[in-house]
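Enquirer: Sequence first, predicted coordinates after that:
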Amino acid sequence: MKKVKKRQQPSRSRTVHDSGPRHEEHVSWKKQKLVDIHQALNSDPVDIETLRRAAVSEGGLLTDDVRRKVWPKLLSVNVFELPAKPAKNVRENHKDYNQVLLDVRRSLRRFPRGMRAGEREVLQEQLIDIILDVLRRNPQLHYYQGYHDIVVTFLLVVGERMAIAMVETLSNHHLRDFMDPTMDSTKHILNYLMPILEQVDPELHGFMLRAEVGTIFALSWLITWYGHVLSDFRHVLRLYDFFLASHPLMAIYFAAVIVLYREREVKSSDCDMASVHHLLSQIPQNLPYEQLIARAQSLFNRYPPTLLASCAALQSRKSIAISSFQDFQTSTLQQRPDSVLRQQLRQQLHQRHSTNLDQTRANAQNSGAHQLIKMAVWGLSATLGAAALAVAQTAMDWGPDFLLQLF
C-alpha cells in the first residue's frame, strides 16, 4: 500500500516569527509616542505643540492614564490648584437644577456596562454637582441639553475635581457658542457645514440643497462632541483627544467628513428632506475614525474658517469661541511641568504652615502656658495638621492623583 506523504504544517514558532516584526513595529510605534509625550510633559515650559500633535495623530493619547496628564495641559489647567468640591446644600436652588437632574437620570447608557448601580448613582450625583458648580460660578454660561454628555466624559476619565476645572475652561472657550441664552450662536456654527461640503463636493452639496435637509441632523453631534451618538466609549475618547487639541470648529469639520464618507448613500436616497435627514441622523458606529480624523484635519488646513467665513450665511454673526481661540492657544504655551508645580505647592504649604506656627508662638507668648497649648493645637489644624502635612508632602512625591485624595 502506497503511503501518502503528509503535507508539512508550518510550525507554531514559524508563525509567531512571521508575525513578530509587524507586532514589534506596532509596539515600537506606541512606545515612541509615549516617550515623546513624556518628554513633552517634562519640558519647561511644557511642549504643548508636541502634545497637540500626539493627540491628533494616529491612536491619539493611547490610554486614560496619559489623558489624565495631557488633557489638563491642553486646556492650561493646573492640577495642583483645583477648585474645591461643590457644596451639596446649594444646588437645589439653581434655576437649571431640575433640567440637569432629568438629563443626568436619563444618561445611563453613558456609563460603563456592568457598573454597579451604587457606583453609577455616585457618579451621577457628581455629574450634577459639576454641571451646577460650573454654571453657578459662570453666570454668563447657560445650560443646554447635551452638555451633560460632554461633562460625563471628563468625569469618567479624570474624576470630579479635575473635571470641574477642565469643563469650566472648555465651556468658556470651545463650547462657548453653545452656552448662549439662545440657539443663534449654535446655528451659526452649524452653518459652516454646507460651505465645507460645497468646497469639497459641489454635486453632493447641490443634492442636499435640493433636498432642503439643512444641518439640524448634525446638531447632537456638534453640541455633545459626538458623545451622545456613539455607543463605544473608546471612539468618544479618541475624538475628544482630537477636539481638545484642535480649533473649536473641528467638530463641524468632522461632521462634514462623515457626510462626505456617506456620499454614495446620500445621493442614492430620495431627494427630499425626510429621507436625507433620516439617513444622516443615524450615524454609523463602524466609521473609520483614524481616516476621518486625518481627512478633517486636512480639510481644515485646506479650507480654514477664515476662507469659509466669506460665505454670506457666516457674515451675520461673530463666534466667541473662534475669536478667542488664538489668545487661548497662546495662553497654554507657558505652562510649567507637573514636577515644578508640585514643588511650588510643597513650598506654599510649608510657608503657610510656618507662618501659622510663628503666629501661634507670638500669640501664645502673650497668653500664658495654657493658652500656648491651646493655640498650638489651633495652629497645626489651621492648614493640614502636622501629621496630615507630612502625609501630603509624601503624596506629592507620588503624584497628583494620590494627592487629590487628601483634599
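Expert: All right, it came through fine.

Enquirer: What separation do you get for the residue positioned nearest the centre of the chain and Trp29?
Expert: Centroid-nearest residue in the chain: Tyr240, 5.1 Å away (criterion: Cα atoms, centre = their mean). Per Cβ to Cβ, to the nearest Å, Tyr240 is found 22 Å from Trp29. The way it works is simple: take the backbone N, C-alpha and C, and place the C-beta from them, glycine included.

Enquirer: Gln343 too?
Expert: 34 Å.

Enquirer: hmm, back to that, buried sites along whichever strand or helix holds the residue nearest to the centre of the chain?
Expert: Counting by DSSP states H and E, the element that carries Tyr240 is helix 233-244. For helix 233-244, the neighbour count (16 or more other Cβ atoms under 10 Å) marks 233, 235-244 as buried.

Enquirer: Same question for stretch 67-87.
Expert: 67-80, 82, 86.

Enquirer: how far out from the middle of the chain is that stretch?
Expert: On the basis of Cα atoms, centre = their mean, to the nearest Å, stretch 67-87 sits 11 Å off its chain's mean C-alpha point.

Enquirer: same thing with stretch 176-185?
Expert: 20 Å.

Enquirer: Next: stretch 98-105.
Expert: 21 Å.

Enquirer: Quick one: mean pLDDT for it?
Expert: For stretch 98-105, mean pLDDT rounds to 94.

Enquirer: again with stretch 134-144
Expert: Rounded mean pLDDT across stretch 134-144 is 95.

Enquirer: Just the buried positions in that stretch, please.
Expert: Buried residues in stretch 134-144 (16+ other Cβ under 10 Å): 134-136, 141, 143-144.

Enquirer: Show me the two of the residues you listed that sit farthest apart.
Expert: Spanning the widest gap among the buried residues of stretch 134-144 are Arg136 and Tyr144, at 16.2 Å by Cβ to Cβ.

Enquirer: which stretches of the protein have low pLDDT?
Expert: 1-27, 312-316, 350-407 (pLDDT under 70).

Enquirer: Show me the domain layout of it.
Expert: 184-318, 338-406 (automatic domain parsing).

Enquirer: For Leu244, which residues are in contact?
Expert: By Cβ atoms under 8 Å, 6 or more residues apart in numbering, the residues touching Leu244 are 55, 71, 74-75, 170, 174.

Enquirer: try Ala117
Expert: Per Cβ under 8 Å, 6+ apart, neighbours of Ala117: none.

Enquirer: Relative to Pro248, how far out is it?
Expert: Distance of Ala117 to Pro248, computed by Cβ to Cβ: 37 Å.

Enquirer: and after the helix or strand hosting Asp65, which helix or strand comes next?
Expert: Secondary structure assignment for Asp65, by DSSP H and E: helix 64-74. Following helix 64-74 in sequence order, the next helix or strand is helix 97-105 (DSSP H and E).

Enquirer: Please spell out which residues along stretch 31-38 are buried.
Expert: Using 16+ other Cβ under 10 Å as the test for burial, stretch 31-38 gives 33-34, 36-37.

Enquirer: Among the residues you listed, find me the one that's closest to Gln334.
Expert: Ile37 (19.1 Å).

Enquirer: picking that back up, can I get the buried residues of helix 233-244 in JSON lines including distance to Leu279?
Expert: As requested, these are arranged in JSON lines below (distance: Cβ to Cβ, whole Å):
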{"residue": "Phe233", "distance to Leu279": "25"}
{"residue": "His235", "distance to Leu279": "20"}
{"residue": "Val236", "distance to Leu279": "22"}
{"residue": "Leu237", "distance to Leu279": "27"}
{"residue": "Arg238", "distance to Leu279": "24"}
{"residue": "Leu239", "distance to Leu279": "21"}
{"residue": "Tyr240", "distance to Leu279": "26"}
{"residue": "Asp241", "distance to Leu279": "28"}
{"residue": "Phe242", "distance to Leu279": "25"}
{"residue": "Phe243", "distance to Leu279": "25"}
{"residue": "Leu244", "distance to Leu279": "30"}
